[in-house]
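Enquirer: Next one to model:
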Amino acid sequence: MSDPFELLLFSVDPTLVRRAVAAGVRGIVVDWEWRGKDLRQANAGTEINAHTLDDLLAVRAATPALVVCRINAFGPQTSDEIERAIKAGADEVLVPMVRSPMEVSEVLHLARGRCGVGILVETLAAVGAAAELARLPISRVYVGLNDLAIERRTPTIFTALADGTVARVRDAFGDVPFGVAGLTLPDAGFPLPCRLLIGELIRLGCGFSFLRRSFHRDTAGRDIGVDVPRLEGALAQARQRTAAEIERDRAELVGRVHGLDAELAVV
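Expert: The predicted structure follows:
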């Protein structure tokens, strides 16, 4: 039997956190990453949070579920951020914009086994060092499509899914819990339908993904106690596809991404 797929919700709203965990969300992400992000992602239409230590404390108090704190990219502040995150109850820290195994080794040294250490592969340097990074005792790895697209200068964030880049990174990490993309309701999603992203995540053998801006938008005013199980059901159903159905869904995803790339390249 396959391990449960982990849905990790970005939120610092204690009421929503409790409802989401009761509905089946496996963990909560508190997002401290902000340093240099506004310049790096200028005009990219991305989400930039500025969650605080108090937010992390409030989330920890609200749930016994997994709590992940995304800190800033490795730098002089990393040691202090790790200490504060651990003291506030984070089960894992998530390190963005990784560029070398040395950085991750230093974070692991600073954490000293007191919390898990996950990484975001969202730079060309990290893609190139995937095999080396995979040898480190990290708790999870997530491919950040937004920043990877910015660095690669691809027309859309989904190009890395269509051209095999994500699959190659995934293969390098073997049994390390692996995630990519963000999910929303199974019948929603733009410009790619969420059903195709669900199919691709299952095809790649992913074990988790994030619920962020699109999920918050698409579930506003709805019953999350119904919507989370619906999403879990769609993930389970994707695992039951035949080889022909998997290939069909993959072909549709690639075709749609190529269409988006061509459209944006002209613009």
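Enquirer: any idea of the mean pLDDT for stretch 198-206?
Expert: What stretch 198-206 shows for mean pLDDT is 98.
Enquirer: Revised request: answer the last question for stretch 246-259.
Expert: pLDDT averaged over stretch 246-259 gives 97.
Enquirer: Can you list the strands that the helix or strand containing Leu7 pairs with?
Expert: Per DSSP states H and E, Leu7 falls inside strand 6-10. Strand 6-10 has its sheet partners listed here by DSSP bridges as strand 27-31 (parallel), strand 208-211 (parallel).
Enquirer: And the first one, how far out from the chain middle?
Expert: Once both centres are worked out by C-alpha atoms, centre = their mean, to the nearest Å, strand 27-31 turns out to sit 11 Å from its chain's centre.
Enquirer: With stretch 252-267 instead?
Expert: That offset, for stretch 252-267, works out to 23 Å (C-alpha atoms, centre = their mean).
Enquirer: what ranges do the strands span in the stretch 51-200 of the chain?
Expert: Taking DSSP state E, counting those that start in this stretch as the test, the strands found in the stretch 51-200 of the chain are 66-70, 92-95, 116-121, 140-143, 178-182.
Enquirer: Can you lay out the ones you listed as JSON lines showing mean pLDDT?
Expert: As requested, those are exported to JSON lines (pLDDT from 0 to 100):
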{"stretch": "strand 66-70", "mean pLDDT": "98"}
{"stretch": "strand 92-95", "mean pLDDT": "98"}
{"stretch": "strand 116-121", "mean pLDDT": "98"}
{"stretch": "strand 140-143", "mean pLDDT": "98"}
{"stretch": "strand 178-182", "mean pLDDT": "96"}
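Enquirer: quick one: which of these is nearest Gly207?
Expert: Nearest of those to Gly207, taken as C-beta to C-beta: strand 178-182 at 6.1 Å. Every residue, glycine included, has its C-beta placed from N, CA and C.
Enquirer: pLDDT below threshold where in the protein?
Expert: Along the chain, the model assigns pLDDT under 70 to residues 1-2, 36-49, 265-267.
Enquirer: All set now, cheers.
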